[in-house]
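Student: below are the sequence and a predicted model for it; my questions follow.
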Amino acid sequence: MSLSSSADAPAQARRQRWLSVLAKAPIARLAALWEGLGPIPAYALLRRPETGLVMVKGRISGSGAPFCGGEMTATRAAVRLESGEVGIGYVGGRSARHAEIAAAVDALGQRADWCDRLETEIVAPLEAEADARRRAIAARAAATKVDFFTVAREAGT
Amino acid sequence: MYVAVKGGETAIAHSLDLVADKRRGDRDIAELSLEQIDQQLGLAVDRVMTEGSCYDRSLAALAIKQARGDLIEAIFLLRAYRTTLPRFGDSLPLDTSAMVAERRISSTFKDVPGGQVLGPTYDYTHRLLDFSLMAADERPTAPTAPADTNRTLPRVGDILEREGMLEPPPQDGASEDLTRQPLTLPASRPVRLQNLARGDEGFLLALGYSTQRGYGNNHPFVGEIRYGHVPVSFVPEELGFAIEIAEIDVTECDMVNQFAGSHDVPPQFTRGYGLAFGHSERKAMSMALVDRALRAEELSESATSPAQDEEFVLAHSDNVEASGFVQHLKLPHYVDFQSELVVVRTLRAEVEARRRQAVLDQAAE
């Protein structure tokens, strides 16, 4: 399954975005949205969910040569729809269900009759919630930003 | 040397039961949940993940619970668990400039672009016990202020680097991994950093402190410390393109140190680097100090202090190895000790015989 040709570039970009959003979503929320879809086409597990490790690399001084920072747990799964589409899920942590749902959404997303609905009902809401979490973190951090006064200003000159 | 001994199975089984009983403590007090440990003892979780070298908050919380709060034992448990898992591969290197920062400070520039963001720090607490925490209570939530989340945070190091004032970090390094290959000396800087990243915080803190007190001083300034959330990108072999598989919390410290120059390079500041999982600032700073100290030879400095001795530092930084070797002394050494007893008894008998002979000889004269 090669996605390298230019005609597939938008499809690859979409999958890339979806899989990233799905992996970073809280599993409880993802599961709730997934179950909210109602009946979905049957799929078979091509690769049963498996937990393993990914070595997280850092860079010297943030921008130099890479080095091994330490590992993290990750879980992967692969599914195949009866219509043939194969979906892949890779998620941080040890949730088999998380990896399986990500793979199933990835597979279904490759079908024109499901793509828009999954975008509206799963991916877009999760993305909006991730943005909101990011904004909440940034807003709390921003409240601790130091406002320095130079000696000159303090002296009123 | 110790030898295998038989027996004691019942005693061992009962000892394990006793550990489990002590772990639970007073049954009238609610049992700790992993969520409570993760949420309310989060910095302990961060340390266990960092030195256990495995990012998984709930596993670290479980290890802390199982070890009854003994963090080095918890680190050991996490390290042991990770050996049971297959390796999927390496992530792409973290881009910490894309961090959603909770804290970001520089002690070299007051007006650093992006600002000095204190975040959740103990630095400005009075270190007085807060007795209001003795009882459970409603706690206020933190205040907020408008923030721009679309901007990336420029690195302080990059700004100095553009002026040529700061050495650029090395760009090339062999892809070595201490979990795959044993440590060989001299070690490359990436290998040293991996060793230090999983090294014991206390050991590195003491070594970093020793450099400040003059044992290999390298005049450090905190160029920058940042802590926050960064995405981890990974290229699954089935896909052939990168996806983000998680967002993890990391702390990084870029230390700006004593300048050096040569015939070819005009004087510029040098650097040491520290990176840790979670919010582990003391660890990241200590790591950066020791990383810089270990570059003594590379920077033509005299290496006369413990923190500059690569073999000494890298061979003793791992608290799982250190704890194992120190604590193995508790295992039965009966045969070993018996043989030493025999030697010492024989020596003492010989000394006593010589003394008696000397007394007899003296009397005979």
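Tutor: In hand now; what should we look at?
Student: state the distance from residue B:110 to residue B:73.
Tutor: Residue B:110 is 43 Å from residue B:73, where distance means C-beta to C-beta, to the nearest Å. For glycine as for every other residue, the C-beta is placed from the backbone atoms N, C-alpha and C.
Student: quick one, which of the two is more surrounded?
Tutor: For residue B:110 and residue B:73, the more surrounded residue by other C-beta atoms under 10 Å in any protein chain shown is residue B:73, and the numbers stand at 19 against 10.
Student: what kind of secondary structure is residue B:114 in?
Tutor: coil (DSSP: H, G, I helix; E, B strand; the rest coil).
Student: spit out the contact partners of the closest residue to it other than its chain neighbours.
Tutor: Of all residues not flanking residue B:114 in the chain, residue B:153 sits nearest, at 4.6 Å (C-beta to C-beta, 6 or more residues apart in numbering or on different chains). Shown in contact with residue B:153 (C-beta atoms under 8 Å, 6 or more residues apart in numbering or on different chains): B:97, B:99, B:101, B:104, B:114, B:226.
Student: from the residues you listed, which has minimum pLDDT?
Tutor: Checking pLDDT across the contacts of residue B:153, the minimum falls on residue B:114 at 84.
Student: phi, psi for it please.
Tutor: In terms of degrees, to the nearest 10, the main-chain angles of residue B:114 are phi 100, psi -20.
Student: tell me who's in contact with it.
Tutor: Counting by C-beta under 8 Å, 6+ apart, residue B:114 touches B:104, B:151, B:153, B:154.
Student: redo those as JSON lines? Include secondary structure.
Tutor: Listed next are these as JSON lines, based on three-state DSSP:
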{"residue": "B:104", "secondary structure": "strand"}
{"residue": "B:151", "secondary structure": "coil"}
{"residue": "B:153", "secondary structure": "coil"}
{"residue": "B:154", "secondary structure": "coil"}
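Student: looking at the residues you listed, which has the most residues close by?
Tutor: Most surrounded of the contacts of residue B:114: other C-beta under 10 Å gives residue B:104, at 24 neighbours.
Student: can you name the residues in contact with the host helix or strand of residue B:45?
Tutor: For residue B:45, the element it lies in under DSSP states H and E is helix B:42-52. By C-beta under 8 Å, 6+ apart, the residues outside helix B:42-52 that reach it are A:70, B:37-38, B:55-57, B:60-61, B:63-64, B:69, B:71-72, B:74-75, B:77-79, B:82, B:197-201, B:249, B:276-280, B:283, B:319.
Student: can you do 7 Å?
Tutor: With contacts defined as C-beta atoms under 7 Å, 6 or more residues apart in numbering or on different chains, helix B:42-52 is touched by A:70, B:37-38, B:55-57, B:60-61, B:63-64, B:71, B:74-75, B:78-79, B:198, B:200-201, B:276-280, B:283, B:319.
Student: for stretch B:285-300, same thing?
Tutor: B:192-193, B:196-197, B:201, B:204-205, B:207-208, B:211, B:216, B:218, B:220, B:253, B:255, B:257, B:260, B:270-274, B:276, B:303, B:307-308, B:310, B:313.
Student: show me the shaky parts of chain B.
Tutor: Scanning chain B for pLDDT under 70 picks out B:1-5.
Student: low-confidence stretches in chain A?
Tutor: Flagging of chain A using pLDDT under 70 yields the residue ranges A:1-7, A:148-157.
Student: longest helix of it?
Tutor: Secondary structure of chain A per DSSP state H: the longest helix is helix A:124-142.
Student: could you say what helices and strands that one packs with?
Tutor: With contacts defined as 3 or more C-beta pairs under 7 Å, 6 or more residues apart in numbering or on different chains; DSSP states H and E, helix A:124-142 has these neighbours: helix A:9-24, helix A:27-35, strand B:100-105.
Student: list the buried residues of the first one.
Tutor: Of the residues in helix A:9-24, those buried by neighbour count under the rule 16 or more other C-beta atoms under 10 Å in any protein chain shown are A:12, A:15, A:16, A:18, A:19, A:20, A:21, A:22, A:23, A:24.
Student: again with the second one
Tutor: Buried positions in helix A:27-35, judged by neighbour count with 16+ other C-beta under 10 Å: A:27, A:30, A:33, A:34.
Student: beyond that helix, next helix or strand please.
Tutor: Downstream of helix A:27-35 (by DSSP H and E), the next one is strand A:43-59.
Student: and that next one, what does it pack onto?
Tutor: Right, strand A:43-59 is packed against strand A:66-81, helix A:96-109, strand B:87-90 by 3+ C-beta pairs under 7 Å, 6+ apart.
Student: which neighbours does it have in its sheet, and in what orientation?
Tutor: Sheet pairing of strand A:43-59 (DSSP bridges) gives strand A:66-81 (antiparallel), strand B:87-90 (parallel).
Student: and the contacts of the shortest one?
Tutor: What it means is strand B:87-90. Under the contact criterion C-beta under 7 Å, 6+ apart, strand B:87-90 has outside partners A:52, A:53, A:54, A:55, A:57, A:74, A:76, B:234.
Student: in TSV: those, plus neighbour count and distance to residue B:242.
Tutor: Formatted as TSV, these follow (neighbours: other C-beta atoms under 10 Å in any protein chain shown; distance: C-beta to C-beta, whole Å):
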residue	neighbour count	distance to residue B:242
A:52	18	18
A:53	23	18
A:54	23	12
A:55	21	15
A:57	22	13
A:74	29	14
A:76	25	15
B:234	25	7
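Student: identify the farthest-apart pair in the residues you listed.
Tutor: Spanning the widest gap among the contacts of strand B:87-90 are A:57 and A:76, at 18.7 Å by C-beta to C-beta.
Student: the longest strand along chain B: what's the following helix or strand?
Tutor: Identified as the longest strand of chain B according to DSSP state E is strand B:243-260. Proceeding N to C from strand B:243-260, the next assigned helix or strand is strand B:268-277, under DSSP H and E.
Student: that next one packs against which elements?
Tutor: helix B:42-52, helix B:189-197, strand B:243-260, helix B:281-293.
Student: run the chain-centre distance for it.
Tutor: 15 Å (C-alpha atoms, centre = their mean, to the nearest Å).
Student: pull the contacting residues for residue B:55.
Tutor: Contacts of residue B:55 (C-beta under 7 Å, 6+ apart): A:56, A:70, A:71, A:72, B:49, B:248, B:277.
Student: quick one, phi/psi of the nearest residue to the fourth one once chain neighbours are set aside?
Tutor: Read that as residue A:72. Using C-beta to C-beta, 6+ apart and skipping the chain neighbours, the partner closest in space to residue A:72 is residue B:55 (3.7 Å). The phi and psi torsions at residue B:55 (degrees, to the nearest 10) take the values phi -80, psi 110.
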